[in-house]
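Colleague: coordinates only, no sequence provided:
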Ligand SMILES: [Zn+2]
C-alpha cells in the first residue's frame with residue numbers, strides 16, 4: 001500500500017480536504033493500493049496543495065483554487081467546465097476563470113484543482129446553494145441546470161476517470177480491477193392501482209388514451225389491472241440477492257399514496273415474501289420527510305415494526321432530498337446508505353460515478369456517516385428520456401459499462417410502473 005501525504009495551504013479547512021481524501025480512499029480504484037492523508041509538514045508531503053514552491057523530486061503541486069475548501073463557502077462563485085485532454089482521455093474539472101490552462105501537467109505543476117472538483121460533486125454543492133424559490137415542482141434543482149447536464153457529462157463516470165488519473169501520478173501503471181455489478185432495486189410506492197385516488201386513476205387512463213401506442217388495448221389492460229385484486233409479486237423473480245426493496249409507508253402529501261388497511265396487508269405479504277427469498281428491505285421516506293425528523297422517524301418505526309428488523313438503507317420518494325436538511329436527519333436515525341442521488345428525468349451519472357461516497361453534513365460542516373449510493377438508471381427516467389428518442393427502451397449507459405466491465409450500477413424499477421407500461425404499449 002502506497003502512502004501519499006498532502007500538504008495544504010493554511011487557508012484550507014482540513015475537515016473538507018480530509019472529506020475528499022476519505023472518499024478517494026474508499027473508491028474501488030484506490031482500495032488496498034494507495035492511501036491519501038493530509039499532512040502539515042511540508043518536508044514529507046508528496047503533493048502540495050498551496051502556493052509554495054516545489055522543493056523535492058517526488059512532489060507535485062496542484063494549482064489551488066480552493067474556493068470551496070475555505071472556511072467560508074463562496075456562494076457567488078460561478079463554476080465553469082475545465083476540460084483537459086490527457087493521454088487520449090478528456091478529463092473534466094470544475095473551475096473559476098483564472099485556472100484555465102490547456103495542459104494539465106507542466107514541470108510537476110497540475111493546472112486543475114482535483115480536490116475542489118471532487119468536493120463540488122460529492123458534497124452536492126450546487127444543489128445546496130441553488131435558490132429555493134427556483135426549484136422545480138418536486139422541490140429539487142431543475143436537472144437542466146445541473147452542471148453535469150448543462151455540460152452533457154452525465155453519460156460517463158467522469159469522476160472515476162479523474163481518480164484514476166490522480167492515482168497514476170503516483171503509480172503510473174495502475175490498472176483498476178474491472179468489476180461490473182448491477183444492483184437492482186425497487187421503489188414500492190403502492191402495490192396496485194386501486195390504492196390510487198380516483199383523480200389519479202382518471203389521469204392515468206386519459207394519458208393511456210393520449211400517449212399509448214394502442215390506446216384501446218391499453219385502456220382495456222388498465223381496467224383489467226384496476227379490478228384485479230390479487231397482488232402480483234412475480235417481479236421478485238427477476239431479483240438478485242444484492243438487491244433492495246424500498247417501501248413507502250406513510251405520507252399525506254399529494255405526491256404520496258396514502259395507505260388503506262388493504263395496502264398495509266399487501267405490504268406485509270410483500271415483506272414476508274422478501275424474507276422468504278432473503279431480499280433486503282429499506283425505507284422509502286415519503287415526500288415531506290426531506291425536512292422532518294419526526295416524519296422519517298415515524299415511518300422508519302412503522303416499517304421496522306412490520307419487518308421486525310433495523311432499517312439502515314433508504315431512498316427518498318421522488319428522490320426528494322435536501323442535502324442540507326435531509327442528510328443530518330437520516331444520520332441521526334441510523335441510516336447508513338442512502339440511494340436518493342440520481343435523476344428523475346435523465347439516465348446516467350449525476351455525481352459522475354456509480355460508486356458509493358460519503359455525503360457532506362452541511363449542517364455540522366463535517367463528513368457525514370451516511371454513504372451515498374448513486375442511482376444510475378430508473379424506469380420512469382428512461383420513460384422521459386425515451387420520449388426524446390426513437391429507440392424507446394434502450395439502456396445505453398448500462399450496456400456501455402457492461403462492455404467495459406466497470407461500475408456498480410444501481411438501477412430502480414417501480415413494479416407498478418411495469419403494469420403501467422403494459423397499458424401504454
Ligand atoms: Zn417513490
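Modeller: Sure thing, it's come through. As the structure is a computational prediction, the values presented were derived from the model and not from experiment.
Colleague: and residue 366, how far from the ion?
Modeller: 30 Å (C-beta to the ion, to the nearest Å). C-betas here are computed from N, CA, C, even on glycine.
Colleague: any idea which helix or strand carries the closest residue to that residue other than its chain neighbours?
Modeller: In this structure, residue 366 finds its nearest non-sequential neighbour in residue 15, 5.4 Å apart by C-beta to C-beta, 6 or more residues apart in numbering. In the assignment (DSSP states H and E), residue 15 maps to helix 14-26.
Colleague: buried residues, that helix. List them.
Modeller: 16-24 (16 or more other C-beta atoms under 10 Å).
Colleague: next, residue 344: phi, psi?
Modeller: phi -90, psi -20 (degrees, to the nearest 10).
Colleague: pretty sure it is touching residue 382, no?
Modeller: No: using C-beta atoms under 8 Å, residue 344 is not in contact with residue 382, being 11.1 Å away.
Colleague: which residues sit against the longest strand seen in the chain?
Modeller: Ranked by residue count, the top strand of the chain under DSSP state E comes out as strand 180-188. Taking contacts as C-beta atoms under 8 Å, 6 or more residues apart in numbering, the residues outside strand 180-188 that touch it are 235, 238-240, 242-248, 267, 270, 284, 315, 317, 339, 373, 375, 398, 401-402, 404-415.
Colleague: more neighbours: residue 344 and residue 382, which one.
Modeller: A direct count of neighbours by other C-beta atoms under 10 Å for residue 344 and residue 382 places residue 382 higher, at 23 against 16.
Colleague: could you look up the SS state of residue 302?
Modeller: Of the three states, residue 302 takes helix under DSSP: H, G, I helix; E, B strand; the rest coil.
Colleague: tally of neighbours for residue 57?
Modeller: Around residue 57 there are 6 residues (other C-beta under 10 Å).
Colleague: what sits against residue 146?
Modeller: 126-127, 350.
Colleague: please redo it, this time with the cut-off set to 10 Å
Modeller: If you count contacts by C-beta atoms under 10 Å, 6 or more residues apart in numbering, residue 146 has them with 124, 126-127, 130, 140, 153-154, 343, 346, 350.
Colleague: also residue 148?
Modeller: Applying C-beta under 10 Å, 6+ apart, the residues contacting residue 148 are 81, 92, 121, 126, 154-156, 158-159, 343, 346, 348-352.
Colleague: now, those residues that are in strands?
Modeller: 81, 92.
Colleague: out of the contacts of residue 148, which is most surrounded?
Modeller: residue 349 (27 neighbours).
Colleague: so that one sits against residue 155, correct?
Modeller: Yes: with contact defined as C-beta atoms under 10 Å, residue 349 reaches residue 155; the gap is 7.5 Å.
Colleague: quick one: contacts for whichever residue of the stretch 301-425 of the chain sits closest to the ion?
Modeller: Nearest residue of the stretch 301-425 of the chain to the ion (C-beta to the ion) works out as residue 317 at 3.8 Å. By C-beta under 10 Å, 6+ apart, the residues touching residue 317 are 138, 187, 189, 246, 248, 250-251, 253, 255-257, 283-290, 299, 340.
Colleague: what is the burial count for the residue nearest to residue 363 when sequence neighbours are not counted?
Modeller: In space, and not counting its chain neighbours, residue 363 is closest to residue 328: 4.5 Å by C-beta to C-beta, 6+ apart. Neighbours of residue 328 under the rule other C-beta under 10 Å: 18.
Colleague: how about residue 102?
Modeller: Count around residue 102 with other C-beta under 10 Å applied: 9.
Colleague: element containing it, please.
Modeller: Here residue 102 is assigned to no helix or strand, by DSSP H and E.
Colleague: for residue 285, what are its contacts?
Modeller: Per C-beta under 10 Å, 6+ apart, neighbours of residue 285: 246, 248-251, 256, 292, 295-300, 303, 314-317, 320-321, 326, 329-330, 333, 335, 338, 340.
Colleague: could you check how far it is from residue 85?
Modeller: 43 Å (C-beta to C-beta, to the nearest Å).
Colleague: list the buried ones in stretch 25-34?
Modeller: Buried residues in stretch 25-34 (16+ other C-beta under 10 Å): 27-30, 33-34.
Colleague: in strands only, show me the contacts of strand 180-188.
Modeller: Counting by DSSP E, the contacts of strand 180-188 contribute 244-247, 407-413 to strands.
Colleague: test my guess that residue 201 contacts residue 227.
Modeller: No: if you go by C-beta under 10 Å, residue 201 and residue 227 don't touch, sitting 11.4 Å apart.
Colleague: and those two? which has more neighbours close in?
Modeller: The residue with more neighbours, out of residue 201 and residue 227, is residue 201; 15 against 9, by other C-beta under 10 Å.
Colleague: which residue packs closest to the residue in the stretch 1-150 of the chain positioned nearest to the ion, ignoring adjacent ones?
Modeller: Residue nearest to the ion within the stretch 1-150 of the chain: residue 138 (10.9 Å; C-beta to the ion). Spatial nearest neighbour of residue 138, chain neighbours left out: residue 318 (5.1 Å); criterion: C-beta to C-beta, 6+ apart.
Colleague: can you tell me how far the nearest residue to residue 285 once chain neighbours are set aside is from residue 118?
Modeller: In space, and not counting its chain neighbours, residue 285 is closest to residue 296: 5.0 Å by C-beta to C-beta, 6+ apart. From residue 296 across to residue 118, the span is 28 Å (C-beta to C-beta).
Colleague: same question, residue 207
Modeller: Taking C-beta to C-beta, one finds residue 207 at 41 Å from residue 118.
Colleague: those two: who's more crowded?
Modeller: Taking other C-beta under 10 Å, residue 207 and residue 118 do not tie; residue 118 has more neighbours (27 against 15).
Colleague: average pLDDT across the helix or strand hosting the more buried one?
Modeller: Residue 118 is part of helix 114-122 when elements are defined by DSSP H and E. Averaged across helix 114-122, pLDDT comes to 95.
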